[in-house]
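Peer 1: the following block contains a protein sequence and its predicted model.
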Amino acid sequence: MSLEVSSIAVYALVFALAGVICLGGIYRARQVEDADTRRGLVALLATSGGWAVTHAALLLIPGSVAKTQMYLVGLILGFSTVFAWLYFCSAYTGRPYHRQPSYRQAAVVLYLFVVGMKVTNPYHHLYFTTAVVSEPFQHLAIQQGLFHWVVTGLSYVLAAIGMFALFETFADSEYDATPLAGLVGLAGLPVVLDIVGYATPYLLDMIHAPLGVGLFTLGVLFVFEDRFFAVQLTEGVEGATVFLDREGRIREYNRDARRLFPALDGAVGESVDAVPALADALDSDAGTVSLTVDGETHHYVVSENSFEVGQGSLGRIIVLSDVTALERQRQELERHNRQLEDLASGMRHELRNMVTVIRGNVRWATEQLETGDIADARAALQTATNTTDRTTRLMNDFAALAQYGRTITDAKPVDIAETARSAWPGGDDATLTVDVAGTVEADPARFELLFDRAFEFLLDNGASTVAVEPHGDGITITGDGAPPQGELDRYFDYDDAVSNTAIGTALPMVRTLAQVHGWDVTIDSEYRSGVRLVLTWD
């Protein structure tokens with residue numbers, strides 16, 4: 001008899017403990033920030049805790065009538081947990097089902113129908129019958145009817161749907177959600193105990209689900225609280241995320257964050273200063289931070305928000321959103337606008353001078369014609385014509401810069417030697433030698449224009465021979481004209497080039513056409529037998 005009493009006490013204690021855990025978790029669950037998740041979790045804990053308490057009471061109270069009534073109350077609470085569980089899972093995973101009227105109405109109808117069948121069981125006995133048995137100790141044994149198994153099967157299916165939603169969210173999470181998946185698995189483990197209790201004499205033939213909910217509650221609210229709600233808070237948030245506690249210590253991070261900051265490995269529990277790159281990103285006053293990832297520079301916007309779960313604030317969530325594409329577009333637009341402004345600035349001044357020169361020479365030519373000095377009139381008109389040609393060239397440069405100054409997005413393989421020969425202006429005054437083979441990813445029209453303007457500069461610089469040759473990861477374009485003088489960067493500056501007829505605007509356009517491909521072009525400062533342009537692909 002003492003063994004029997006001991007077994008009853010152990011069973012009752014286990015269920016009572018599960019009830020205490022569930023009901024005790026309500027206080028912490030009420031602090032959850034998201035309203036729908038909070039309501040679902042509180043309802044789940046209240047119904048599960050009440051259900052577990054009825055199990056304990058069922059084992060301890062005397063009399064078959066009282067036990068039967070207590071069992072009936074437990075059945076009603078137990079079925080309620082299914083809908084609380086679904087509501088919680090839908091809210092936690094960001095799904096809208098718990099808010100849709102059609103689902104809610106169907107749930108109410110189903111719930112009232114099943115509860116009605118349970119309450120009226122003493123009249124039809126379709127749900128269960130009772131009997132007092134002595135094995136493994138004296139207790140009220142429940143003989144389940146057909147309707148019970150139908151409802152139980154439906155309950156398990158509905159609960160499995162909620163579990164699937166949770167597992168899917170955990171799988172999509174960038175965090176290590178293995179402990180959370182394990183907790184959901186523990187919540188479903190009592191199904192095994194139910195089967196053992198039904199098929200063997202080793203366990204009581206009763207529903208053990210409150211035990212699973214108790215373990216789930218213990219895990220998500222008292223052990224893995226921050227990780228559980230971190231997964232929910234970052235639902236739909238793309239990018240690297242790091243959670244810091246109130247003292248600025250690292251609590252959690254996802255895979256993207258670890259890729260940006262490898263030092264995060266092993267830094268959980270340490271101050272954010274333990275990861276200098278992350279600390280610098282948080283301290284940066286710039287609109288974006290630049291980080292090197294897999295050998296490439298990426299740009300990120302850093303956002304920071306506090307969040308509260310459990311008892312008060314847990315700390316801050318740091319999100320680094322990759323805005324590399326936007327930043328590159330901004331830089332590209334800024335570069336393009338700067339080039340246009342530089343060229344326009346020079347053109348405004350130069351055009352005023354050109355108009356003055358043209359007007360003055362035309363007036364002078366008119367005066368000379370009136371006096372019969374044809375030679376002076378012809379010379380003045382020639383000067384005006386040359387100035388007009390220079391004005392036309394500047395306007396063409398401006399139009400070309402506006403048309404071709406944006407970074408290309410549709411490059412394709414282009415034959416280097418063929419493009420160079422096609423761009424060569426010909427004539428008997430200079431020769432071209434091309435000693436390059438292969439292709440490069442480029443825009444054909446812009447690549448040919450690059451060669452055209454490079455040849456134009458070299459020929460205007462007095463070159464009689466021009467050579468295109470390979471050079472590391474790129475090529476050189478060399479002319480045997482006059483060596484460059486002064487600051488070499490001036491040759492590529494639009495503002496200087498416009499007003500300097502000796503330099504011209506050819507090289508600024510060459511650099512622009514190189515930059516839109518992601519290339520660079522420089523003048524070889526060590527080459528003194530003429531001018532050598534060095535064009536590098538990377």
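Peer 2: Now that the structure is in, tell me what you want to look at.
Peer 1: who's in contact with His517?
Peer 2: Counting by CB atoms under 8 Å, 6 or more residues apart in numbering, His517 makes contact with 407-408, 411, 441-443, 446-447, 537. C-beta coordinates here come from the backbone N, C-alpha and C atoms, glycine included.
Peer 1: now, among those residues, which is nearest to Asp273?
Peer 2: Ranked by distance to Asp273 (CB to CB), those are led by Thr407 at 38.6 Å.
Peer 1: can you pull the pLDDT of the closest one?
Peer 2: For Thr407, the pLDDT comes out at 70.
Peer 1: tell me the backbone dihedrals of Thr411, please.
Peer 2: Just to correct that, residue 411 is Ala rather than Thr. Torsion angles at Ala411 (phi, psi; degrees, to the nearest 10) stand at phi -70, psi 150.
Peer 1: number of nearby residues for it?
Peer 2: Counted by other CB atoms under 10 Å, the residues lying close to Ala411 total 16.
Peer 1: just the buried members of the contacts of His517?
Peer 2: 407-408, 411, 442-443, 446-447 (16 or more other CB atoms under 10 Å).
Peer 1: the helices in the stretch 151-300 of the chain, which residues?
Peer 2: 178-188, 190-199, 209-222, 225-233, 255-260, 276-283 (DSSP state H, counting those that start in this stretch).
Peer 1: now do the strands in the stretch 351-500 of the chain.
Peer 2: Along the stretch 351-500 of the chain, the stretches classed as strands by DSSP state E, counting those that start in this stretch are 412-415, 431-434, 439-442, 465-470, 474-479.
Peer 1: contacting residues around the fourth one?
Peer 2: Among residues not part of strand 465-470, those counted as contacts by CB under 8 Å, 6+ apart are 416-417, 420, 424, 430-436, 451, 455, 458-459, 475-480.
Peer 1: quick check: angle from that strand to strand 474-479?
Peer 2: Interaxial angle, strand 465-470 versus strand 474-479 (axes from the mean of the first three to the mean of the last three CA atoms, to 10 degrees): 170 degrees.
Peer 1: each with direction, which strands does strand 465-470 pair with?
Peer 2: Taking DSSP bridges as the criterion, strand 465-470 sits next to strand 431-434 (parallel), strand 474-479 (antiparallel) in its sheet.
Peer 1: any idea which of these is most buried?
Peer 2: strand 474-479 (a mean of 22; mean count of other CB atoms under 10 Å).
Peer 1: quick one: average pLDDT of that one?
Peer 2: Here strand 474-479 scores 94 as its mean pLDDT.
Peer 1: gap between it and the chain center?
Peer 2: Relative to the mean C-alpha coordinate of its chain, strand 474-479 is positioned 42 Å out (CA atoms, centre = their mean, to the nearest Å).
Peer 1: same deal with stretch 475-486?
Peer 2: Taking mean C-alpha positions (CA atoms, centre = their mean), stretch 475-486 and its chain are 47 Å apart.
Peer 1: kindly check the end-to-end length of that stretch for me.
Peer 2: Stretch 475-486 has an end-to-end distance of 24 Å (criterion: CA to CA, to the nearest Å).
Peer 1: likewise for stretch 91-111?
Peer 2: 20 Å.
Peer 1: quick one: contacts of that stretch?
Peer 2: Against stretch 91-111 from outside (CB under 8 Å, 6+ apart): 34, 36-37, 39-41, 79-80, 83, 86-87, 89-90, 165-166, 168-169, 232, 235-236.
Peer 1: ditto for stretch 529-536
Peer 2: Applying CB under 8 Å, 6+ apart, the set of residues contacting stretch 529-536 from outside is 450, 454, 457-458, 461, 463, 471-484, 507, 510, 514, 519-524.
Peer 1: just the buried ones out of those, please.
Peer 2: 450, 454, 457-458, 461, 463, 471, 474-481, 484, 507, 510, 514, 519, 521-524.
Peer 1: about what we covered before: reformat the contacts of His517 as CSV; add distance to Gln331.
Peer 2: Output for these, formatted as CSV (distance: CB to CB, whole Å):
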residue, distance to Gln331
Thr407, 10
Ile408, 15
Ala411, 19
Glu441, 21
Ala442, 21
Asp443, 19
Arg446, 19
Phe447, 22
Trp537, 20
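Peer 1: tabulate the buried ones among the contacts of His517 in CSV, adding columns for distance to Arg338.
Peer 2: As requested, the buried ones among the contacts of His517 are exported to CSV (distance: CB to CB, whole Å):
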residue, distance to Arg338
Thr407, 14
Ile408, 18
Ala411, 23
Ala442, 23
Asp443, 21
Arg446, 19
Phe447, 23
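Peer 1: closest to Leu381 among the residues you listed?
Peer 2: Arg446 (36.6 Å).
Peer 1: that closest one touches Thr512, doesn't it?
Peer 2: No. If you go by CB atoms under 8 Å, Arg446 and Thr512 don't touch, sitting 9.3 Å apart.
Peer 1: what's the burial count for Thr409?
Peer 2: 7.
Peer 1: err, Gln331, not the other one
Peer 2: Residues near Gln331, counting by other CB under 10 Å: 12.
Peer 1: what helix or strand does it sit in?
Peer 2: Element membership for Gln331 (DSSP states H and E) is helix 324-371.
Peer 1: hmm, who's touching stretch 270-277?
Peer 2: 242, 244, 247-250, 260-261, 263-264, 267, 278-279, 282, 291.
Peer 1: name the nearest residue to Thr366, sequence neighbours excluded.
Peer 2: Leaving aside its sequence neighbours, Thr366 sits nearest to Ala377 (CB to CB, 6 or more residues apart in numbering; 7.7 Å).
Peer 1: assign a three-state SS to the nearest residue to His98 once chain neighbours are set aside, would you?
Peer 2: Leaving out its chain neighbours, the residue that sits closest to His98 by CB to CB, 6+ apart is Ser90, at 4.1 Å. At Ser90 the chain is in helix, as set by DSSP: H, G, I helix; E, B strand; the rest coil.
Peer 1: isn't Trp85 up against Leu44?
Peer 2: Yes. Between Trp85 and Leu44 there is a contact at 5.5 Å, judged by CB under 8 Å.
Peer 1: please enumerate the strands of the stretch 101-250 of the chain.
Peer 2: Using DSSP E, counting those that start in this stretch, strands in the stretch 101-250 of the chain cover 128-133, 139-144, 240-244, 250-253.
Peer 1: and Tyr123, how many neighbours?
Peer 2: 7.
Peer 1: try Val357
Peer 2: Val357: 17 neighbours (other CB under 10 Å).
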